[in-house]
Every structure is written in structure tokens, then in C-alpha cells.
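Asker: sharing a model prediction with you, sequence too.
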Amino acid sequence: MQVVKFSDQELINVYLQGNEKAFEELLNRHKNKIYTAIYLFVKDRDLAEDLFQEVFIKIIDTLRKGSYNHEGKFSQWATRIAYNMCVDHFRRSKKRTKVSTSDEFDIFDVLHVEDDNKELQLIISETHRQIRTLVDKLPDEQREVVILRHYADLSFKEISSITSVSINTALGRMRYALINIRKMMEEHAIVLQ
């Protein structure tokens with residue numbers, strides 16, 4: 001059985017029927033995105049790996065208990081679990097969640113560029129670096145919404161739910177983040193390619 005061609009929901013169904021390869025395929029499809037989301041919150045490789053394992057243990061438990069309902073996308077549901085685990089970790093350690101990238105690990109490392117044009121790759125790399133620098137300078141709440149919206153592909157409704165703010169607040173934070181990024185670009189004369 002070729003599980004590679006299955007949808008996420010089909011993989012879940014096949015996994016629940018006892019095919020471990022189906023879950024392996026599901027994990028392989030989403031591991032980079034989920035791990036990166038975790039790492040952006042905790043900024044510690046070892047902790048991110050531990051939380052990543054906890055996320056997939058929770059996913060397996062939820063699937064086996066039959067508690068998963070396929071209302072949305074699997075990756076958004078898994079990302080929401082990852083976010084909640086990160087928040088729980090910070091609550092336990094009484095630290096403020098800091099959403100950021102670092103020089104050691106970069107959300108753009110998981111993006112694949114099809115074009116072999118080295119000049120284009122350099123331009124894209126420099127653009128990503130500049131955007132990353134600007135996003136890092138945003139206030140925590142704005143940075144959080146930008147990452148959840150543009151990296152994790154969560155809707156504003158999902159962002160409002162997992163961050164415990166209204167949809168209007170989430171939208172407002174995104175609006176102010178974009179305004180702040182534009183101001184920083186003007187102040188530093190940054191022109192994105």
C-alpha cells in the first residue's frame with residue numbers, strides 16, 4: 001500500500017487500522033514545520049526536541065482514543081498542540097514566551113527553492129535575513145501573531161483561540177506589526193528584493 005499519496009485524514013484512518021507506516025508518513029510530512037514552530041518559541045534545540053516528542057506522543061494518544069475530529073487541517077491542529085505545549089512549558093518555568101528566530105536555526109531553512117540560479121538564491125537568502133531581523137525587533141505579541149499567521153498558516157480565529165485574545169486583537173497586532181516593519185524598513189532604508 002502506497003501511503004505517500006494519501007491525504008492526512010486517510011493516513012490517520014490507515015494508521016488507526018494498524019499501519020505504522022501511515023503515521024510515519026504523516027510525521028514526515030509535518031515534522032519540519034512543527035519542530036520549527038516549537039523552536040521559534042523556545043529558542044533551545046534540546047528543549048524543542050523534547051517538546052516535539054511530547055507533541056507527537058499527545059497526537060498519537062489523541063488519535064488512538066478517537067478524540068481527533070478532522071474539522072481543520074492536521075498540520076494546524078498539530079501546530080496548535082505544539083503552541084499549547086510551549087505555553088505550558090513557559091507557564092511552568094514562569095518565563096514570558098519569546099517568539100523569535102536565531103542565527104543557529106532559521107524558519108527559512110525548511111523552505112525549498114526550486115531554482116538553481118545562485119544569484120536568485122542569494123537575493124532570497126538576504127531578503128529572508130532582513131525580514132527575520134525586522135520580525136525579531138517587533139514586540140512579543142506582534143511577533144507571535146506574525147509567526148503564527150505567516151509561518152504556521154493559522155487563521156486569525158485560530159490565533160485568537162490559542163493566544164486567548166479576541167480576533168480583533170489578533171488582527172490589530174498583525175496590523176501594528178506590519179506598520180512597525182514598514183517604519184523600520186524606512187528608517188533603515190531597507191529595500192526588499
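Answerer: In hand now; what should we look at?
Asker: worst mean pLDDT across the helices and strands of this protein, which element?
Answerer: Every helix and strand of the chain was ranked by mean pLDDT, DSSP states H and E. The lowest is helix 118-136, at a mean of 71.
Asker: using CSV, write out every CA atom in the next helix-or-strand element following it.
Answerer: Under the assignment DSSP states H and E, the closest C-terminal helix or strand after helix 118-136 is helix 140-150. What follows is the C-alpha trace of helix 140-150 in CSV, where atoms were taken according to Å, rounded to 0.1, in the frame of the first residue of the first chain:
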residue,chain,number,x,y,z
ASP,A,140,6.4,39.9,21.6
GLU,A,141,2.7,39.9,20.9
GLN,A,142,3.1,41.2,17.4
ARG,A,143,6.0,38.8,16.6
GLU,A,144,3.9,35.9,17.9
VAL,A,145,1.0,36.8,15.6
VAL,A,146,3.2,37.2,12.6
ILE,A,147,4.8,33.8,13.1
LEU,A,148,1.6,32.0,13.8
ARG,A,149,-0.1,33.6,10.8
HIS,A,150,2.6,33.5,8.2
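Asker: list the buried residues in helix 140-150.
Answerer: Neighbour-count burial for helix 140-150, counted by 16 or more other Cβ atoms under 10 Å, picks out 141-149. In short, each C-beta sits where N, CA and C put it, glycine included.
Asker: equivalent analysis for stretch 69-80, please.
Answerer: Burial within stretch 69-80, assessed by neighbour count using 16+ other Cβ under 10 Å, is assigned to 74-75, 77-80.
Asker: picking that back up, pLDDT for the buried residues of helix 140-150 - can I get that in CSV?
Answerer: Rendered in CSV, the data for these read as follows (pLDDT from 0 to 100):
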residue, pLDDT
141, 88
142, 88
143, 85
144, 84
145, 87
146, 84
147, 79
148, 81
149, 81
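Asker: does residue 45 really touch residue 39, like I thought?
Answerer: Yes - contact status for residue 45 versus residue 39: in contact at 7.0 Å, counting by Cβ atoms under 8 Å.
Asker: may I ask you to confirm that residue 166 is in contact with residue 159?
Answerer: No - between residue 166 and residue 159 no contact is recorded; they are 10.5 Å apart, counting by Cβ under 8 Å.
Asker: more neighbours: which of these two?
Answerer: residue 159 (24 against 11; other Cβ atoms under 10 Å).
Asker: buried residues, the helix or strand hosting residue 56. List them.
Answerer: Following DSSP H and E, one finds residue 56 within helix 45-65. Buried positions in helix 45-65, judged by neighbour count with 16+ other Cβ under 10 Å: 47-48, 51-52, 54-56, 59, 63.
Asker: and the next helix or strand past it?
Answerer: Next in line after helix 45-65, if elements are assigned by DSSP H and E, sits helix 74-93.
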